[in-house]
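[1] I'll drop the sequence and a predicted model, then ask my questions.
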Amino acid sequence: MLAERAKPAGIVIADDHDLVRSGLRALLTDVPNLQVLGEAANGREALELCRRFEPDLVLMDVRMPEMDGLTATRAIKHHYPRTSVLVLTVHENASYMLEALKAGAAGYILKDAPRKELLGAIGRVLEGEATLSRRLSFQLLLQLADEVGVGPDVAGFPEGKTHFSLTPRELEVLRLLARGYSNQKIAESLVVAVGTVKNHVQHVIVKLGVSDRTQAVVRAYEAGIVKPPSR
């Protein structure tokens, strides 16, 4: 179930197939706290709708004419960083999805996912939670660590100093985010309240200069401030 909001979360649907767009709209139209603001048949139209509405979330197909989903995601996150992007994909391919995360996506959802799973993913993105399963998070982050050359001996912060002015507790939270932990799981691991974890996560996001927790983990690996998970 989606959390109560002061006003409905605005959503843009971007897919070049009419049937997919109409199906998604039908699934979302009667959901409380959600409002479909518009539909786009390509990335350029999606970017224009973001300019008009500045939606909370874009459901973004990847392969579209004129401007593909990854290019559109980069442009949206550059111009409208508060808009989250949830990528729609037909293949659960780690390499492909890593490119989506690097483009700025908050996560991904398979096109044939059940309605409950889709709504759950949308709700987590809107609440700032991770949308990647721990299993896929592990695979994706291993690949990202290899790509940016982060070795197993990286201690995090050289000479005891912190990058981005992160506190030791914020670093702990960031490392657990990198393991795919939810706020509840982080709270249990650190023996603190969930509200405290949410505050730490928000501080991490602000200090790293990103828009969501997924991008915080990508930035942390790119900057070499967290270790890759053990294989």
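    It's in.
[2] Quick check, residue 117 in contact with residue 109.
    Yes. Between residue 117 and residue 109 a contact is recorded at 7.1 Å, counting by CB atoms under 8 Å. Using the backbone N, CA and C atoms, a C-beta is placed for each residue, glycine as well.
[3] And these two? Which one has more around it.
    With neighbours defined as other CB atoms under 10 Å, residue 117 and residue 109 compare such that residue 109 has more, 18 against 12.
[4] Assumed residue 91 was part of a strand.
    No. Looking at residue 91 with DSSP: H, G, I helix; E, B strand; the rest coil, it is coil, so not inside a strand.
[5] Against residue 32, how distant is it?
    Residue 91 is 32 Å from residue 32, where distance means CB to CB, to the nearest Å.
[6] Report the contact partners of the residue nearest to residue 193 when sequence neighbours are not counted.
    Once flanking residues are discounted, residue 193 sits nearest to residue 187: 6.3 Å by CB to CB, 6 or more residues apart in numbering. Taking CB atoms under 8 Å, 6 or more residues apart in numbering, we find residue 187 in contact with 193-194, 196-197.
[7] which SS class is residue 187?
    Following three-state DSSP, we place residue 187 in the helix state.
[8] how close does it get to residue 164?
    Distance from residue 187 to residue 164, by CB to CB: 23 Å.
[9] now swap in residue 63 and tell me
    According to CB to CB, residue 63 stands 35 Å off from residue 164.
[10] okay, these two: which has more neighbours?
    Taking other CB under 10 Å, residue 63 and residue 164 do not tie; residue 164 has more neighbours (18 against 12).
[11] Next, count neighbours for the closest residue to that one other than its chain neighbours.
    Using CB to CB, 6+ apart and skipping residues adjacent in sequence, the residue nearest residue 164 is residue 207, 4.5 Å away. Applying other CB under 10 Å, we find 18 other residues in the vicinity of residue 207.
[12] Give the next helix or strand downstream of the least confident helix or strand in the chain by mean pLDDT.
    Counting by mean pLDDT, DSSP states H and E, the chain has its least confident helix or strand at helix 134-148, which shows a mean of 63. Per DSSP states H and E, the first helix or strand lying C-terminal to helix 134-148 is helix 168-178.
[13] tell me the average confidence for that next one?
    Taken as a whole, helix 168-178 carries a mean pLDDT of 89.
[14] Who are the packing partners of it?
    helix 183-190, helix 194-208, helix 213-222 (3 or more CB pairs under 8 Å, 6 or more residues apart in numbering; DSSP states H and E).
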